[in-house]
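S.K.: Structure of the sequence below:
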Amino acid sequence: MPITLITGPANAGKAQLVLDAVRRDLAHGSEPLLIVPTRADAEHYLRELAGEGAAMGVRVQRFDGLIEEAVRRAGVREAPLGGLARERLIAALLERQPAMRASPGLVHAVGALLAELQVRRVSPARLSRALATWADADGPSVRREGIGRLLSEYIRALERLGRVDAEQRAVRALDGLRRSPSLWGRTPVAFYGFDDLTRLQLDAIETLGRVVGTAVTLSLTYEPGRVAFAGRAATFAELEPLAEEHHRLEHRAEYYSPPARAPLSHLERSLFETGSERADPQGAVRLLEGGGQRSELELVAREVGELIDGGMAPEEIAVVLRAPAAGADLLEEVFAGAGIPFALERRRHLGDIAIGRALIGLLRCLPAYGGGASPGELGDLLAWLRAPGQLERPELADSLEVAARRTGALSAAQARLLWEERHWPLERIDRLEQAAQRGPVALIERVIRELQRLFAAPRRAAASVLDMGPRLLRNLQDYDATRAAR
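M.R.: Sure thing, here's the model as predicted:
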């Protein structure tokens, strides 16, 4: 089966061709996989296919779902190493390297490097040879030699743990399908919505389309020679030789509404291009300038209000922020003050709320893996104690903080000893630790119970108690008297 590559600019009809391929596969009795970048995309296209009555038989998943399917079919059995455990492992290995300090930024960068090396199948021996050649040309380097040792130690550590990381797991699954293509079967796969592709995604496309031989349909927003797409030229150059069919779609201005078609089409075609002519915006493109973020949002609110007054439905208006997390609160305040109806979708970190900070602090008070001291600090224990409703006398937490800072008890374990000398044992930490020792399932169940307790703590014993005794007794007496009269 061929790899079909579909390229073209934005709004050229690429989605239509990809979904047409999915519909053809369904009509022929296959159960295709549609792979999209985000969960929101998966929900959107599943609803679209369901509206056409074509959702039965097709699975819409993210790329992680495709890898999980490959792992299952290839029979990869090794247990995966979790993300947090991987970070801790890399940090521990970095501490052993000379001239390296395991800062969070370095742990993240080294993790990305190790992932790239494994996706590209670079073994420790091959890396050592390459680093030796580099050293012969530029001279030895402690940091460079440390990278070679780090990869070897990382792989040996995973072997001792009996685990594989996410990249090893994915690579082993794809290599298993390369060795035995029949394990995949004939399930077609379609990719849509990816701005660019990672090395692992390119590997999966080549494995499924060229080695396994299943039908793979892929779309890529790309036009040769366009400055806006220059960053995707390397990806296109890798995909084009793999594709047996290549559909090049041309620009289509029909996507835009007739009143705004000419200026918006011109903007899309000339974006980042040098020497392009200036076009009449015809009111379709406007620039609003304010003296600050609030004033700009006030101008936007006025513009939105005029659109709504003119008859446009509020749900047809979109406001896009460069950094929603930073500007969401101000937008909410400005739009609410202007009487603009809006729906604001945003995510908050668990640590941004008191209950979340308390739960995280409680977990950090547990002893570290391996029976060591707690990784938590004084602030973690205080975050738990200061959760709403946790203490009947919240001032006790303030007294602990003062005493701990005076005596230098800045770790969670030291602060706990100081607390228990003055007050009562913090047995909930011990119970959580006991659950952790029984395994992840027991730990999760205990964490859920602790979270429920933190949520209910401010309302504990706050319900009104109704004195129904005398009234209930009179009702029973009246009922007995009525029955006796009958």
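S.K.: what does the biggest helix by length in the chain contact?
M.R.: Ranked by number of residues, the top helix in the chain under DSSP state H is helix 142-161. Contact partners of helix 142-161, identified using Cβ atoms under 8 Å, 6 or more residues apart in numbering, comprise 81, 89-90, 93-94, 96-100, 110, 113-114, 117, 122, 124, 127-128, 131, 134-135, 164-165, 168. Any C-beta I mention is one placed from the backbone N, CA and C, and that applies to glycine too.
S.K.: Which members of these occur in strands, if any?
M.R.: Using DSSP state E, residue 164 are the members of the contacts of helix 142-161 that sit in strands.
S.K.: Buried only: go through the contacts of helix 142-161 for me.
M.R.: Neighbour counting with 16 or more other Cβ atoms under 10 Å marks 81, 89-90, 93-94, 97, 100, 110, 114, 117, 124, 127-128, 131, 164-165, 168 as buried within these.
S.K.: Run a quick neighbour tally on residue 250.
M.R.: For residue 250, the neighbour count with other Cβ atoms under 10 Å is 9.
S.K.: what sits up against the helix or strand containing residue 177?
M.R.: Remark: residue 177 resides in helix 166-179, with elements defined by DSSP states H and E. Under the criterion Cβ under 8 Å, 6+ apart, residues 67, 70-71, 73-76, 78, 80-81, 83, 114-115, 118-119, 121, 158, 164, 183-184, 200, 203-204, 207-208, 211-212 lie in contact with helix 166-179.
S.K.: Where does pLDDT dip in the protein?
M.R.: Along the chain, segments meeting pLDDT under 70 span 1, 52-56, 98-102, 139-145, 325, 368-374, 461-486.
S.K.: Strands along that one, start to end?
M.R.: Using DSSP E, the strands of the chain run over residues 3-8, 33-35, 59-61, 79-80, 163-164, 189-191, 216-221, 245-248.
S.K.: Which strands or helices does the first one pack on?
M.R.: Read that as strand 3-8. helix 14-27, strand 216-221, helix 233-239, strand 245-248 (3 or more Cβ pairs under 8 Å, 6 or more residues apart in numbering; DSSP states H and E).
S.K.: Next: the last one.
M.R.: On a contact count with 3+ Cβ pairs under 8 Å, 6+ apart, strand 245-248 meets strand 3-8.
S.K.: picking up where we left off before, relative to helix 142-161, how tilted is the helix holding residue 177?
M.R.: 70 degrees (axes from the mean of the first three to the mean of the last three Cα atoms, to 10 degrees).
S.K.: Please identify the buried residues of helix 166-179?
M.R.: Buried residues in helix 166-179 (16+ other Cβ under 10 Å): 166, 167, 168, 169, 170, 171, 172, 173, 174, 176, 177, 178.
S.K.: Can you add distance to residue 28 and give these back as TSV?
M.R.: As requested, the buried residues of helix 166-179 are exported to TSV (distance: Cβ to Cβ, whole Å):
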residue	distance to residue 28
166	34
167	34
168	35
169	32
170	29
171	31
172	31
173	26
174	26
176	27
177	22
178	26
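S.K.: which one among these gets closest to residue 413?
M.R.: residue 166 (32.6 Å; Cβ to Cβ).
S.K.: Please report the distance of the closest one from residue 118.
M.R.: Counting by Cβ to Cβ, to the nearest Å, the separation of residue 166 from residue 118 is 9 Å.
S.K.: what's the most buried one of the helices and strands packed on strand 3-8?
M.R.: For the helices and strands packed on strand 3-8, average neighbour numbers computed from mean count of other Cβ atoms under 10 Å are highest in strand 216-221, which has a mean of 25.
S.K.: Identify the residues contacting that one?
M.R.: In contact with strand 216-221 (Cβ under 8 Å, 6+ apart) are residues 1-10, 14-15, 17-18, 21-22, 188-195, 197, 205, 208-209, 229, 232, 235-236, 239, 243.
S.K.: Quick check: residue 243 touching residue 2?
M.R.: Yes: with contact defined as Cβ atoms under 8 Å, residue 243 reaches residue 2; the gap is 7.3 Å.
S.K.: what about the two, which has more around it?
M.R.: When neighbours are counted by other Cβ under 10 Å, residue 243 and residue 2 differ, and residue 243 comes out ahead with 20 against 15.
S.K.: Pop out the phi and psi values for that one.
M.R.: phi -80, psi 130 (degrees, to the nearest 10).
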